[in-house]
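Colleague: need a structure here:
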Amino acid sequence: MELSPVCDLGKLEREKIKGDTLIMFAENPNESGRYNHVLEIKIGGDFKYEKTNVSEFKKNYLDKYLYKKGSTNGADYTPTARITTPEKTLNNKIIKCLKDTILEYEDHKETKILEKILSTIVENEEIILKDIEKNINRKENYILTLVYNEKYVGDFQIFRDKIRKKSIASYYLIEKKESIGKEKHCSICREKKEEVYGNANIFKFYTVDKKGYVAGGFKKLDSWRNFPVCKECAIDLELGKRYLDSNLSFKFQGRDFYLIPKFIYKKDMEKVLKILTRMDSNIDTQYENTEDLVFKRVEKLKDYVTFDLLFYEEKNSALNIKLNIQEVLPSRFKKVYNDMSQVNNLFRNSTKFNGKFNLNFSFLNRLFPRKNYNRYFLETVDIIISDKNIDYKFIISYLTKYIIKGFNEEEGKYFYYNTITAYGFLIYLRILGVLFKDRGQMSIMENMYWDIKDYNSKEELFESFFKGNMDFFNTPDKKAVFMVGFLAQKLLNIQYAKENRRPFINRLKGLKLNKKDIRRLLPEIQNKFVEYDANYYRDIESITSLYLLQAGENWSISELDIPFYFSLGMNLEKHINLNKKEEKIND
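Modeller: Residues are numbered from 1 along each chain as shown. Below is the predicted model:
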């Protein structure tokens with residue numbers, strides 16, 4: 001992961017902070033938007049407990065609340081905390097913080113005041129807890145803080161000093177010992193600095209607790225050699241990550257990712273960030289998914305900025321990087337979505353879809369369910385966005401599984417939809433240029449409907465169909481498999497019209513077909529047409545037989561391909577109008 005672009009965001013944030021830079025180190029206790037109420041333990045100037053009242057959270061009071069999270073089981077840096085349970089929070093966060101601060105800053109001019117405040121809280125603990133309980137609604141989340149003589153936590157110099165000191169110390173302290181390099185180069189700004197720190201790991205993507213993470217041996221205090229960061233870059237990195245968390249962290253099909261801009265010209269930063277941060281958590285009604293909204297904004301930018309997409313998972317406060325797609329131009333996002341729109345328009349304009357077809361990245365979720373195939377989901381996203389080459393055997397194997405599932409579940413309820421969507425996705429990969437890269441670019445076909453009235457013969461219709469369907473039907477064996485699937489669907493239509501059932505479907509082996517099955521099925525279908533006195537397709541049977549002869553013994557099509565092409569024949573049958581009177585009666 002490249003950290004300098006994150007530092008650039010942090011520098012911009014630091015430039016915006018006017019006056020006291022303390023706010024750089026404080027955190028927003030309501031960052032998630034779920035802690036909208038603040039309980040204030042009010043103590044008078046005479047150190048008497050007055051009351052605990054509830055107020056609404058105010059973002060402009062961040063320097064007053066002065067919150068900074070500490071360790072999970074210990075106190076926070078200041079006596080402002082998110083309430084888990086009233087008793088635990090009062091004792092483990094507020095009282096313990098006061099005790100720790102008094103011990104650590106015994107010579108500070110405000111320590112005596114804290115001692116008296118602590119004494120008041122301890123003496124009135126039961127009353128305070130009752131007042132807290134009286135003021136809270138169990139369905140809401142609350143922040144607990146202190147107010148002494150109308151002074152908030154952030155008005156105490158002792159806590160301001162503590163925040164500064166502890167925040168900087170966290171960049172170099174490991175198990176209460178210092179990891180500092182003197183007169184060394186910072187790994188981010190590349191400049192030689194008086195000191196570099198060894199624990200400024202803001203993103204937590206590595207740990208010094210495991211072997212192999214520290215260069216030069218397993219000495220934790222030498223971790224500055226592994227990842228040396230100067231104080232300025234450490235601060236910028238922290239501010240930059242906060243900016244990402246607040247403004248540029250999104251969901252892509254339920255997966256968290258940072259959209260990290262990398263600028264060629266720093267003067268463009270504010271303009272670009274303003275465009276990106278107009279988005280809020282509510283998805284525009286015209287967009288089905290969050291990523292659609294995000295990427296549509298990005299594609300409007302010029303190519304003077306690139307983007308890294310960092311997919312991550314947080315576990316036990318550590319950042320697990322799942323995928324890092326680097327330096328994607330806005331023009332690439334534009335092509336990704338324009339080509340997807342072309343495919344959608346192609347299918348929506350077909351009379352068989354009535355405008356309801358919609359291919360988007362949610363298809364990948366169905367193709368690669370997160371529980372078992374998250375890696376393949378991310379790899380395919382990387383290929384699409386980064387303009388890499390996707391392996392045909394890999395993608396066709398999963399498309400075939402998806403189609404077979406649609407055929408065998410719920411009496412084939414989703415067979416047509418699964419087949420057409422899978423084919424639409426394959427077309428998308430082809431025109432995008434990530435499938436069959438060695439064959440060069442391919443233009444999308446003009447329509448998804450073929451009518452015999454536009455051709456001189458059925459043979460001409462099918463040849464036109466094969467030629468127009470990208471370059472997926474480039475060998476006789478693929479054409480033959482498609483045609484057998486087409487005839488199988490015609491037979492099923494006749495059976496259903498005459499008997500209200502489709503017994504021949506059992507001969508399709510759940511679509512797990514091979515070359516031998518294709519050759520077997522053609523004469524079986526022909527015989528069934530004769531049995532039903534419905535042999536309307538002799539000419540098409542002849543065309544199919546010719547393709548089988550041309551294919552001979554050396555088939556290029558694999559057993560992965562056969563169910564796919566056979567299913568296309570079955571389902572694109574709806575898109576081919578042969579204009580037969582018999583079909584109008586029987587189909």
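
Colleague: Which residue, other than its chain neighbours, is closest to the spatially most central residue of the chain?
Modeller: Geometric centre of the chain, nearest residue: F252, 2.6 Å, by CA atoms, centre = their mean. Setting aside the residues directly before and after it, F252 is nearest to E291 in space (CB to CB, 6 or more residues apart in numbering), at 4.6 Å. In short, each C-beta sits where N, CA and C put it, glycine included.

Colleague: I'd say the one you found and R255 touch.
Modeller: No. Between E291 and R255 there is no contact under CB atoms under 8 Å: 9.5 Å.

Colleague: And the two? Which one has more around it.
Modeller: In terms of neighbours (other CB atoms under 10 Å), E291 is the more surrounded of E291 and R255; the figures are 25 against 19.

Colleague: helices or strands next to the host helix or strand of the more buried one in the packing?
Modeller: Using DSSP states H and E, E291 falls within helix 290-299. In terms of contacts (3 or more CB pairs under 8 Å, 6 or more residues apart in numbering; DSSP states H and E), helix 290-299 is packed against strand 249-252, helix 269-276, helix 330-348.

Colleague: could you dump those to a markdown table with distance to V54?
Modeller: Below are the helices and strands packed on helix 290-299 laid out as a markdown table (distance: least, CB to CB, whole Å):
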| stretch | distance to V54 |
| --- | --- |
| strand 249-252 | 30 |
| helix 269-276 | 36 |
| helix 330-348 | 46 |
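
Colleague: show me what contacts the residue nearest to F252?
Modeller: F250, K251, F252, Q253, F361 (CB atoms under 8 Å, 6 or more residues apart in numbering).

Colleague: quick one on the thing from earlier: give the buried residues for the helix or strand following the helix holding E291.
Modeller: Going down the chain from helix 290-299, the next helix or strand is strand 305-315, by DSSP H and E. Neighbour-count burial for strand 305-315 flags V305, T306, F307, D308, L309, L310, F311, Y312 (criterion: 16 or more other CB atoms under 10 Å).

Colleague: Kindly report the same for stretch 110-128.
Modeller: E110, I113, L114, I117, L118, T120, I121, N124, I128.

Colleague: Also stretch 490-506?
Modeller: Within stretch 490-506, the residues scored as buried using 16+ other CB under 10 Å are K490, L491, L492, N493, I494, Q495, R502, F504, I505.

Colleague: Quick check, the second one in contact with N527.
Modeller: No. In terms of CB under 8 Å, L491 does not count as a neighbour of N527; the distance is 10.0 Å.

Colleague: where does the chain have its least confident helix or strand?
Modeller: Every helix and strand of the chain was ranked by mean pLDDT, DSSP states H and E. The lowest is helix 581-586, at a mean of 50.

Colleague: residue ranges with poor pLDDT in the protein?
Modeller: Low-confidence segments of the chain, defined by pLDDT under 70: 18-21, 205-223, 278-288, 317, 351-355, 580-587.

Colleague: For it, give the helix that spans the most residues.
Modeller: Longest helix in the chain by number of residues (criterion: DSSP state H): helix 476-499.

Colleague: and that helix, how far out from the chain's middle?
Modeller: The chain centroid and the centroid of helix 476-499 are separated by 40 Å under CA atoms, centre = their mean, to the nearest Å.

Colleague: same check, this time on stretch 449-465
Modeller: 43 Å.

Colleague: same deal with stretch 80-90?
Modeller: Put simply, stretch 80-90 sits 33 Å off its chain's centre (CA atoms, centre = their mean).

Colleague: go on, stretch 112-132?
Modeller: 46 Å.

Colleague: and the end-to-end length of that stretch?
Modeller: With CA to CA, to the nearest Å as the measure, the first residue of stretch 112-132 is 26 Å from its last.

Colleague: Check what contacts it and list those residues.
Modeller: Residues outside stretch 112-132 that contact it (CB under 8 Å, 6+ apart): 39, 41, 43, 47-49, 51-52, 83, 86-87, 90, 94-95, 98-99, 101-102, 144, 146, 148, 156, 158.

Colleague: Can you select the buried ones among these for me in ChimeraX?
Modeller: For the buried members of the contacts of stretch 112-132, the matching ChimeraX selection, counting by 16+ other CB under 10 Å, is:
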select :39,41,43,49,52,83,86,90,94,95,98,101,102,144,146,148,156,158
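
Colleague: so how far is R332 from D303?
Modeller: For D303, the distance to R332 (CB to CB, to the nearest Å) stands at 9 Å.

Colleague: So for the two, which sits in the more crowded spot?
Modeller: Between D303 and R332, counted using other CB under 10 Å, R332 has the larger neighbour count: 20 against 11.

Colleague: surely the more buried one meets D387?
Modeller: Yes. The criterion here is CB under 8 Å, and R332 meets it with D387 at 6.6 Å.

Colleague: Pipe the buried residues of stretch 490-506 into a markdown table and attach distance to K467 per row.
Modeller: Listed next are those as a markdown table, based on distance: CB to CB, whole Å:
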| residue | distance to K467 |
| --- | --- |
| K490 | 22 |
| L491 | 26 |
| L492 | 27 |
| N493 | 26 |
| I494 | 29 |
| Q495 | 32 |
| R502 | 31 |
| F504 | 30 |
| I505 | 31 |
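
Colleague: Thanks a lot, see you next time.
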